[in-house]
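Next input, structure requested:
(2 chains)
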Amino acid sequence: DQQVKQNSPSLSVQEGRISILNCDYTNSMFDYFLWYKKYPAEGPTFLISISSIKDKNEDGRFTVFLNKSAKHLSLHIVPSQPGDSAVYFCAASHESGTYKYIFGTGTRLKVLA
Amino acid sequence: DAGVIQSPRHEVTEMGQEVTLRCKPISGHNSLFWYRQTMMRGLELLIYFNNNVPIDDSGMPEDRFSAKMPNASFSTLKIQPSEPRDSAVYFCASRVTGLGSPLHFGNGTRLTVT
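Numbering: from 1, shown residues only, chains lettered A, B, ... in the order given. From the prediction side, this is the model:
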């Protein structure tokens, strides 16, 4: 039962363009959402988060959008840089309850120079 | 600042052997999580602890897997006996419980069971 889904296993984008990574979830109890970035042979590192009381959070080139009615979130990277090439995981948590973090299967982003 | 420390980085063992993975969380963090990364399931939650107490172990695949957290600065994940299908990268992560506090991951242990 995959409660957090990333349906695109890979994405290629030209340097300087926008990268959009998508994530869907099924559990309406989730109230905190995060994106992590992972390079080979390293652990995932926290990128950006959003609480369910918001619909947008921005940090530099990274913006996360949350659509609660559609149970969908997305990560926008503008402009994309070659160093952004990595695997991106979305995660969801029920912070007012179980504090359990559930991750998606990941999307491999390749930014072409 | 020391992050989450996992050992060993790589482990190669034969089927049937016992394997123990170790984790030292970030000092002051009161929640600890064990994940397994596979191609099919991504980052799969195995078990997590809050204040050294196991809260949810529903992700532990079988009785061959066990985890302990004897104190706030140390946790182990044990597989006995190991099988080739256990080959994966195992991550430990810690955080301070509370809204707005993200998980911090170690660099993982790559386990290969032959």
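
Could you point out which residue ranges in chain A have low pLDDT?
Applying pLDDT under 70 to chain A flags the ranges A:1, A:97.

Which parts of it are strands?
A:4-5, A:10-14, A:19-25, A:32-38, A:45-51, A:56-59, A:62-67, A:72-77, A:86-93, A:101-103, A:107-112 (DSSP state E).

Would you convert the ones you listed into JSON lines that also reports mean neighbour count and distance to chain B?
Just so you know, the C-beta spots here come from the backbone N, C-alpha and C atoms, and that holds for glycine as well. Written out in JSON lines, the entries for the strands of chain A read as follows (neighbours: other CB atoms under 10 Å in any protein chain shown; distance: least, CB to the nearest CB, whole Å):
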{"stretch": "strand A:4-5", "mean neighbour count": "20", "distance to chain B": "8"}
{"stretch": "strand A:10-14", "mean neighbour count": "14", "distance to chain B": "12"}
{"stretch": "strand A:19-25", "mean neighbour count": "21", "distance to chain B": "11"}
{"stretch": "strand A:32-38", "mean neighbour count": "22", "distance to chain B": "6"}
{"stretch": "strand A:45-51", "mean neighbour count": "17", "distance to chain B": "4"}
{"stretch": "strand A:56-59", "mean neighbour count": "12", "distance to chain B": "11"}
{"stretch": "strand A:62-67", "mean neighbour count": "18", "distance to chain B": "13"}
{"stretch": "strand A:72-77", "mean neighbour count": "19", "distance to chain B": "15"}
{"stretch": "strand A:86-93", "mean neighbour count": "24", "distance to chain B": "6"}
{"stretch": "strand A:101-103", "mean neighbour count": "24", "distance to chain B": "4"}
{"stretch": "strand A:107-112", "mean neighbour count": "17", "distance to chain B": "10"}
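
can those go into a markdown table with extra columns for distance to B:C23?
Below are these laid out as a markdown table (distance: least, CB to CB, whole Å):
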| stretch | distance to B:C23 |
| --- | --- |
| strand A:4-5 | 23 |
| strand A:10-14 | 30 |
| strand A:19-25 | 27 |
| strand A:32-38 | 18 |
| strand A:45-51 | 17 |
| strand A:56-59 | 29 |
| strand A:62-67 | 28 |
| strand A:72-77 | 28 |
| strand A:86-93 | 19 |
| strand A:101-103 | 16 |
| strand A:107-112 | 26 |
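
residues of stretch B:49-65 that come out buried?
Across stretch B:49-65, burial judged by 16 or more other CB atoms under 10 Å in any protein chain shown covers B:F49, B:N50, B:N52, B:D56, B:G59, B:M60, B:F65.

does chain A sit close to it?
Yes: interface with chain A: stretch B:49-65 contributes B:N50, B:I55, B:D56 (CB under 8 Å from any CB of the partner chain).

got a list of what the last one touches?
By that I understand B:D56. Contacts for B:D56 (CB atoms under 8 Å, 6 or more residues apart in numbering or on different chains) come out as A:T98, A:K100, B:L45, B:I47, B:Y48.

The first one: what's its closest spatial neighbour, skipping adjacent residues?
If the residues on either side of it in the chain are set aside, A:T98 comes closest to B:D56, at 6.9 Å by CB to CB, 6 or more residues apart in numbering or on different chains.

Next: the second one.
In space, A:K100 comes closest to B:D56 once its chain neighbours are excluded; the distance is 6.0 Å by CB to CB, 6+ apart.
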